[in-house]
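Undergrad: Fold the following for me, if possible:
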Amino acid sequence: QVQLVESGGGLVQPGGSLGLSCTASGFASRGILMSWYRQSPEKEREFVATIHPSTGNTPYANSVKGRFTISRDNAKNTIYLQMNNLAPDDTAVYYCKAILDGIVYWGKGTPVTVSS
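TA: Numbers count the residues shown, from 1 in each chain. As a prediction, this is how the structure comes out:
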C-alpha cells in the first residue's frame, strides 16, 4: 500500500525557519518524481517545489525561490523541504505528492502557520 506521510509542520514567527519531511512507504522513492504543494484557506492547491529523480533538478515556485530548499534521501525514502525566512503568506497545509506508474498519490498534509 502506497503511503506518503508528512511531518514537521507547526507555528513559526515571521522570518523563522521550519523543516518538513515526507516519508514514502509501499514503494522505493528512488526514481520517482516527488513534489511539495501547499493549500491555504480559500485557495487552490499550488505547486511549491519538485525534485527530479534522474537529473536532480529542483524547480521552485517563484514565491518560494531563494527561501525554500527541496532535497531527498533515497536511503530513507524521504524528501524534505527546508523553509527559511517564512512569511505569513506561507501559511498553508503542505502536501507531498508522488507519481508512480502514472498514478498520483498525496499525503494528508502537515499544517504550517506563520504568525507573530
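Undergrad: Correct me if wrong: residue 69 contacts residue 82.
TA: Yes. The pair formed by residue 69 and residue 82 meets the contact definition of C-beta atoms under 8 Å, at 4.4 Å. Quick note: C-beta positions are derived from backbone N, CA and C, even for glycine.
Undergrad: How about residue 104, nearest residue that isn't a chain neighbour?
TA: residue 97 (6.5 Å; C-beta to C-beta, 6 or more residues apart in numbering).
Undergrad: what do you get for residue 63?
TA: Using C-beta to C-beta, 6+ apart, the closest residue to residue 63 is residue 89 (7.4 Å).
Undergrad: center of the protein - which residue?
TA: The C-alpha lying nearest the average C-alpha coordinate of the chain belongs to residue 36 (C-alpha atoms, centre = their mean; 3.0 Å).
Undergrad: That one touches residue 92, doesn't it?
TA: No. If you go by C-beta under 8 Å, residue 36 and residue 92 don't touch, sitting 10.5 Å apart.
Undergrad: that older thread, the residue nearest to residue 104 falls within a strand, correct?
TA: Yes. According to DSSP: H, G, I helix; E, B strand; the rest coil, residue 97 belongs to a strand.
Undergrad: Now for it, how many residues are close by?
TA: Residue 97 is flanked by 20 other residues according to other C-beta atoms under 10 Å.
Undergrad: residue contacts, it?
TA: Listed by C-beta atoms under 8 Å, 6 or more residues apart in numbering, the contact partners of residue 97 are 4, 34-37, 104-107.
Undergrad: Out of the residues you listed, which end up buried?
TA: For the contacts of residue 97, a burial check counting by 16 or more other C-beta atoms under 10 Å picks out 4, 34-37, 105, 107.
Undergrad: Pull the contacting residues for residue 21.
TA: By C-beta under 8 Å, 6+ apart, the contact list for residue 21 reads 6-8, 78-80.
Undergrad: Just the closest of the residues you listed to residue 115, please.
TA: residue 8 (17.1 Å; C-beta to C-beta).
Undergrad: Quick one: residues contacting that closest one.
TA: 18-21, 110.
Undergrad: Would you reformat the residues you listed as JSON lines and include distance to residue 41, pLDDT and secondary structure?
TA: Converted to JSON lines, these look like this (distance: C-beta to C-beta, whole Å; pLDDT from 0 to 100; DSSP: H, G, I helix; E, B strand; the rest coil):
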{"residue": "18", "distance to residue 41": "19", "pLDDT": "98", "secondary structure": "strand"}
{"residue": "19", "distance to residue 41": "23", "pLDDT": "98", "secondary structure": "strand"}
{"residue": "20", "distance to residue 41": "19", "pLDDT": "98", "secondary structure": "strand"}
{"residue": "21", "distance to residue 41": "24", "pLDDT": "98", "secondary structure": "strand"}
{"residue": "110", "distance to residue 41": "16", "pLDDT": "98", "secondary structure": "strand"}
